[in-house]
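1. Provided below for reference: sequence and predicted model.
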Amino acid sequence: MKITGIKTFVCDVYRTNWVIVKVLTDEGVYGVGEATLEHRELTEEAAVRELERYIVGKDPNNIERFWHENYRDAYWRGGAVLTTALSAIEMALWDIKGKSLGVPVYQLLGGKVRDAIPCYANAWFAGSRTPEEFALKAAATVKSGFRALKWDPFGSAYLSLSSSEFSIAMDCIAAVRDAVGPDVKLLIEGHGRFDVPTAVKIGRAIERFGIEWFEEPVPPGDIDALADVKRRINIPIAAGERLYTRWEFRDLIEKRAADYLQPDLSHTGGILELRKIAAMAECHFLPVCPHNPIGAVTNAATLQIAACTPNFHMLETMSNDVDYRSALTTEEVSFSNGMMSIPDKPGLGIDICEEALSAHPYKPHNLRHYNGDLTMIRPKSANGWFGHSGECGK
């Protein structure tokens, strides 16, 4: 079997654009992957094209060789653009291998250690502005089955918080805690926005709410600063969505700068790279909770890793999405009582619907974090996406 080419699709989904790849072979077997790099989607599409010329004519089964040679030959190693392109193609190669052998990808990585994975909700707060609005949506999300909620209550703040911004954030967290009760896990997202003293102040203040973790309290770029915050507060730290490859995670682990590691399958280099990161974390008794706020193909691939990785702790899940999400792929997800089931279909267990992807062409979207529109993550028409029929056009 030889690779004959790659097709790419850039599809608008309101918050960003999914970048989907389809790796083709001369035997008719193909694989799908995802290269979504928020707000840099056209750059990512070009990066996939750059890699295409290196793999046409190659055997798709030699996944480790593909990754090593293309990471080596890039020369300008690392960075989100290269590793995201590698991730997408690598996903697709695993999909091809699994389909060719008639087994799910997790069977090629050692088999199952679990049948379902606990999930926490993101995007549940879409459109909320006041503590009362957050509380109402939190209660509804818990009623739908989620037992853990994540959100950023800090508005458009950057580096520091004014007294009023701090008070509003604390009121928001308190309202959500009151609305969902003591047994629901609350995860506070920092989006890498604060300086060290502000992060420490927040970390100490939110301890009283029984917070599961404080995520990305300081900007990426200085792991020592993150470790400093971790030492000075009494709640766990989560981090890693903006780190790439095992080498960057090695430093995070060795410096004990985070309690929960959050590699993003779409960005960190692919399925095998995330497994290597998880193995390093396992040696230090650290759980992995992959960052997973993007598209259906990445979600499907991350579930394959969840199936076979002992220290995979919890999966990020978007609780709602654009109302046409179900038309874009054959995604078929079973979610109940806060748990997402691991599918047993060959490969990644998902296919794409090319006409539907093409029906929603690229639109530019900018980062919302610092302009006051942080919660405008979904359109008003957004809804739950679980329970899809698993067929294109349905």
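-> Cool, got the structure. Numbers count the residues shown, from 1 in each chain.
2. who's in contact with the residue lying closest to Glu241 once chain neighbours are set aside?
-> Once flanking residues are discounted, Glu241 sits nearest to His291: 3.7 Å by C-beta to C-beta, 6 or more residues apart in numbering. From N, CA and C alone the C-beta is placed, and that goes for glycine too. By C-beta atoms under 8 Å, 6 or more residues apart in numbering, His291 lies in contact with 240-241, 262-264, 267, 316.
3. quick check: bridge partners of His291?
-> Assessed by DSSP bridges, His291 has beta-bridge partners Asp264.
4. from here on, call the first residue 50.
-> Sounds good: first residue 50 from here, last item His340.
5. ok, it to Arg64 distance?
-> His340 sits at a distance of 15 Å from Arg64 (criterion: C-beta to C-beta, to the nearest Å).
6. OK, contacts around the spatially most central residue of the chain?
-> The chain has Asn341 as the residue nearest its centroid, 1.7 Å off, counting by C-alpha atoms, centre = their mean. The contact partners of Asn341, by C-beta under 8 Å, 6+ apart, come to 313-314, 347-348, 351, 364-366.
7. from these, which is closest to Leu91?
-> Thr347 (18.5 Å; C-beta to C-beta).
8. report the next helix or strand after the host helix or strand of the closest one in sequence order.
-> Using DSSP states H and E, Thr347 sits in helix 345-357. Counting by DSSP H and E, the element after helix 345-357 in chain order, helix or strand, is strand 364-367.
9. CA atoms only: put that next one into CSV for me.
-> What follows is strand 364-367, C-alpha atoms only, in CSV (Å, rounded to 0.1, in the frame of the first residue of the first chain):
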residue,chain,number,x,y,z
LEU,A,364,-11.7,14.1,28.9
GLU,A,365,-12.6,17.7,28.0
THR,A,366,-15.9,17.7,26.1
MET,A,367,-17.7,20.5,24.4
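10. what distance separates that strand from the centre of its chain?
-> 7 Å (C-alpha atoms, centre = their mean, to the nearest Å).
11. and the average pLDDT for stretch 361-377 is what?
-> Averaged over stretch 361-377, pLDDT sits at 96.
12. residues in contact with the residue nearest to the residue nearest to the centre of the chain when sequence neighbours are not counted?
-> Using C-beta to C-beta, 6+ apart and skipping residues adjacent in sequence, the residue nearest Asn341 is Glu365, 4.1 Å away. Going by C-beta under 8 Å, 6+ apart, Glu365 touches 168-169, 171, 199, 311, 338-342.
13. which ones among the residues you listed are found in strands?
-> Judged by DSSP state E, these include 168-169, 171, 199 as members of strands.
14. turn those into a markdown table, columns for pLDDT and neighbour count.
-> Below are those laid out as a markdown table (pLDDT from 0 to 100; neighbours: other C-beta atoms under 10 Å):
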| residue | pLDDT | neighbour count |
| --- | --- | --- |
| Cys168 | 97 | 23 |
| Tyr169 | 98 | 24 |
| Asn171 | 97 | 23 |
| Lys199 | 98 | 22 |
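15. now distance to Arg299 too, for those, in TSV please.
-> Formatted as TSV, the ones in strands among the contacts of Glu365 follow (distance: C-beta to C-beta, whole Å):
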residue	distance to Arg299
Cys168	28
Tyr169	26
Asn171	27
Lys199	26
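16. returning to that earlier point: using PDB, write down the CA coordinates of the helix holding Thr347.
-> C-alpha atoms of helix 345-357 as PDB (Å, rounded to 0.1, in the frame of the first residue of the first chain):
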ATOM      1  CA  ALA A 345     -15.100  15.600  15.900                       C
ATOM      2  CA  VAL A 346     -12.100  13.800  14.400                       C
ATOM      3  CA  THR A 347      -9.800  14.900  17.300                       C
ATOM      4  CA  ASN A 348     -12.500  13.800  19.800                       C
ATOM      5  CA  ALA A 349     -12.700  10.400  18.100                       C
ATOM      6  CA  ALA A 350      -8.900   9.900  18.100                       C
ATOM      7  CA  THR A 351      -8.600  11.100  21.700                       C
ATOM      8  CA  LEU A 352     -11.100   8.400  22.700                       C
ATOM      9  CA  GLN A 353      -8.800   5.800  21.300                       C
ATOM     10  CA  ILE A 354      -6.000   7.000  23.600                       C
ATOM     11  CA  ALA A 355      -8.500   7.100  26.500                       C
ATOM     12  CA  ALA A 356      -9.200   3.500  25.900                       C
ATOM     13  CA  CYS A 357      -5.700   2.200  26.400                       C
END
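17. starting at the chain centroid, how far to stretch 193-200?
-> With C-alpha atoms, centre = their mean, you get 16 Å for stretch 193-200.
18. where along the chain do the helices fall?
-> All helices of the chain, identified by DSSP state H, fall at 90-104, 112-122, 129-150, 154-157, 180-192, 212-229, 245-254, 272-281, 294-303, 320-332, 345-357, 374-377, 403-407.
19. what residue ranges in the chain score low on pLDDT?
-> By pLDDT under 70, the low-scoring segments of the chain are 438, 442-443.
20. just to revisit the earlier point, using a markdown table, lay out the contacts of Asn341 together with distance to Arg163.
-> Formatted as a markdown table, these follow (distance: C-beta to C-beta, whole Å):
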| residue | distance to Arg163 |
| --- | --- |
| Asp313 | 21 |
| Leu314 | 17 |
| Thr347 | 19 |
| Asn348 | 16 |
| Thr351 | 13 |
| Leu364 | 11 |
| Glu365 | 17 |
| Thr366 | 16 |
